[in-house]
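Peer 1: this is a predicted model, with the sequence first.
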Number of protein chains: 2
Amino acid sequence: MLKTIEWTGEAVRVLDQTRLPGQIVYLELRDERQVWDAIPRLVVRGAPLIGVSAAYGVVLGVRAGRGVDAVCDYLATSRPTAVNLFWALDRMRRVAKAGGDADRLLAEAHAIRAEDEAMCLAIGQNGVTLFANSGDRPVRLLTHCNAGALATAGIGTALAPIYAGLQQGLKFEVFADETRPLHQGSRLTALELREAGVPVTVLCDNMAATVLAQRKVDAVIVGADRIAANGDTANKIGTMPLAIVSHHFGIPFYVAAPTSTIDPSLPDGSHIPIEQRDPAEITGTPPRATAPDGVKVFNPAFDVTPAALITAIITERAVHRPPYRFKKL
Amino acid sequence: MLKTIEWTGEAVRVLDQTRLPGQIVYLELRDERQVWDAIPRLVVRGAPLIGVSAAYGVVLGVRAGRGVDAVCDYLATSRPTAVNLFWALDRMRRVAKAGGDADRLLAEAHAIRAEDEAMCLAIGQNGVTLFANSGDRPVRLLTHCNAGALATAGIGTALAPIYAGLQQGLKFEVFADETRPLHQGSRLTALELREAGVPVTVLCDNMAATVLAQRKVDAVIVGADRIAANGDTANKIGTMPLAIVSHHFGIPFYVAAPTSTIDPSLPDGSHIPIEQRDPAEITGTPPRATAPDGVKVFNPAFDVTPAALITAIITERAVHRPPYRFKKL
């Protein structure tokens, strides 16, 4: 499995996910600006991995003499939707407030990373119970975007039950939505599943409904960027229509995420801020532009899936079933 | 409006739609092989325009001394889903069977083209009645793929009500799904609507559900490649999930097509053959591949929308409402 992030002693070394699947390139991020920059550029992406990266970014900023609060405020502006970012920064602030020095902050960042690995494993263990009675038949899943090992410091969230199941001798077949506009599904999910020996089929997002209509899969499983108290879930754009179509055809729709993705301070999904991104992500640029000049572009990075369409939410603690009522921890 | 097709006297001159929106290039197709080749390559595309192109292809083949039936059988293999292709070829066969020579076949091809223009106008007139009570407020529509002037010899099918409405002083705003994998929405629909002065916003297919959830449009309108007797409609891949999501949010979902798109010989959509296309359309090719080597690809060109999800089917004859019971003419 490709290592997504590692601490070198002076820098945080990250896999540049914008270069995948063609090239395996690691970047050393040496200060908090470089960490900030890597987040909206999607060098590092995936809600859990953004949290881990930001924690190391705080260490780099404090080592260079900046105040913890200023560094945290700065890193918090990198992306608005994934709550794990704010959750990780809050943990760093609390350590500093309790008198922690740079070494203590580094220990906290390491702890966030180690906990992420452990959470992924536990999500996998909990999630695989949903597919345990499949016998010798492969479990057939469809997923959107990448909520795999590449989105975390561990074995992923939505894909964790697959990796856990492989250990138990289960077989899997996966349809991976390409996930426009940035192709995290075809670039990243297809890559990591192929490396794990799981048969994977890539398709355009708008083809998933045909897969569901033809019952080519047993369930849909996706990650999450923020989950409100009532279970409404922000995830990569295109998740919500997939949930509606799954519901239409009676196919289970699962969300898998660590509890750090849950934001019980928001009563429902209408309060989740949604990042709008650069139009050029969709239209390209000349000479490869796929749209004429002078047209407007709508490019939200996430949508919100109503809790009513989610069959279960898998966390490291449990398989939660509706009605969801997440409380402050 | 860009001319899509024209007879030069010795050849059929077509706009190469694979070059849009960047370049306006016309190709002269001089024999039936060149016409055949232009169809799966999508140089000409759109169910009505494929029919018109094939009719001229028959003329070219017969002029070169080939038999009408052999030429028709050959051209019929170019694409399997759009029924207008077979309908146009059948008209040409009937003319030949009745003793028609090459001149009479050319006259029939011209007639098919002229009727297509007239049908587009009539679809526009019928369709615009659905939006007539919008007053000064712009009619806000979402469409998928391109069922506009570029898909026909006239003003289009799904976009015809817009062009008809503009003549009547109505205003429109359109969201155009980019339509993966070949971007007919962002490349073609956005281009022709911009030329017509209609404000158009491009978005990824998986973002349409957010537009519908936020009630940014009054209706969805699309074309069709084949409509079964019960109203089940094959259209560009991604149409069916759009219909499901429209139904979920209570937004009208309209199909617009000439009656030549209706195939009453098929009781329902399960009998419509669906073309599978080249995996490289989705994955690209190195160094711009968006998927790793060695993964499977699912690339159906069309899906089938169940009649129950279609609010109305607009033809040149009427606005048909469910239950649809199309009969042999």
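Peer 2: Yes, it's here. Residues are numbered from 1 along each chain as shown, chains lettered A, B, ... in the order given.
Peer 1: isn't A:Glu10 up against A:Arg30?
Peer 2: Yes - with the criterion set as Cβ atoms under 8 Å, A:Glu10 and A:Arg30 qualify as a contacting pair; they are 7.1 Å apart. (Glycine included, C-beta is placed from N, CA and C.)
Peer 1: so for those two, which sits in the more crowded spot?
Peer 2: The residue with the greater number of neighbours, taking A:Glu10 and A:Arg30 and applying other Cβ atoms under 10 Å in any protein chain shown, is A:Arg30; the counts read 14 against 10.
Peer 1: and the pLDDT at the closest residue to that one other than its chain neighbours?
Peer 2: Nearest residue to A:Arg30 in three dimensions, chain neighbours excluded: A:Ala11, at 4.7 Å (Cβ to Cβ, 6 or more residues apart in numbering or on different chains). For A:Ala11, the model assigns a pLDDT of 98.
Peer 1: cool, A:Leu329 as well?
Peer 2: 60.
Peer 1: do A:Pro286 as well
Peer 2: Per-residue confidence for A:Pro286 comes out at a pLDDT of 87.
Peer 1: how about it, what does it touch?
Peer 2: A:Pro286 is in contact with B:Gly22, counting by Cβ atoms under 8 Å, 6 or more residues apart in numbering or on different chains.
Peer 1: that one is in what secondary structure piece?
Peer 2: For A:Pro286, there is no helix or strand it lies in under DSSP states H and E.
Peer 1: how close does it get to B:Pro21?
Peer 2: Taking Cβ to Cβ, to the nearest Å as the criterion, A:Pro286 is separated from B:Pro21 by 10 Å.
Peer 1: same thing with A:Gly51?
Peer 2: Looking at A:Gly51 against B:Pro21, where the rule is Cβ to Cβ, the gap reads 41 Å.
Peer 1: one step back: neighbours of the residue nearest to A:Arg30, how many?
Peer 2: Using other Cβ under 10 Å: A:Ala11 sits among 17 other residues.
Peer 1: next helix or strand past the helix or strand containing A:Ala118?
Peer 2: Using DSSP H and E, A:Ala118 falls within helix A:102-128. The element immediately downstream of helix A:102-128 (helix or strand, assigned by DSSP H and E) is strand A:139-143.
Peer 1: same question for that following strand: list its buried residues.
Peer 2: If you call a residue buried by 16 or more other Cβ atoms under 10 Å in any protein chain shown, then strand A:139-143 has these buried ones: A:Val139, A:Arg140, A:Leu141, A:Leu142, A:Thr143.
Peer 1: tabulate those (a markdown table), appending pLDDT and distance to A:Gly61.
Peer 2: As requested, the buried residues of strand A:139-143 are exported to a markdown table (pLDDT from 0 to 100; distance: Cβ to Cβ, whole Å):
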| residue | pLDDT | distance to A:Gly61 |
| --- | --- | --- |
| A:Val139 | 98 | 44 |
| A:Arg140 | 98 | 46 |
| A:Leu141 | 98 | 40 |
| A:Leu142 | 98 | 40 |
| A:Thr143 | 98 | 35 |
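Peer 1: now distance to B:Ala76 too, for these, in a markdown table please.
Peer 2: Formatted as a markdown table, the buried residues of strand A:139-143 follow (distance: Cβ to Cβ, whole Å):
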| residue | distance to B:Ala76 |
| --- | --- |
| A:Val139 | 42 |
| A:Arg140 | 36 |
| A:Leu141 | 39 |
| A:Leu142 | 35 |
| A:Thr143 | 39 |
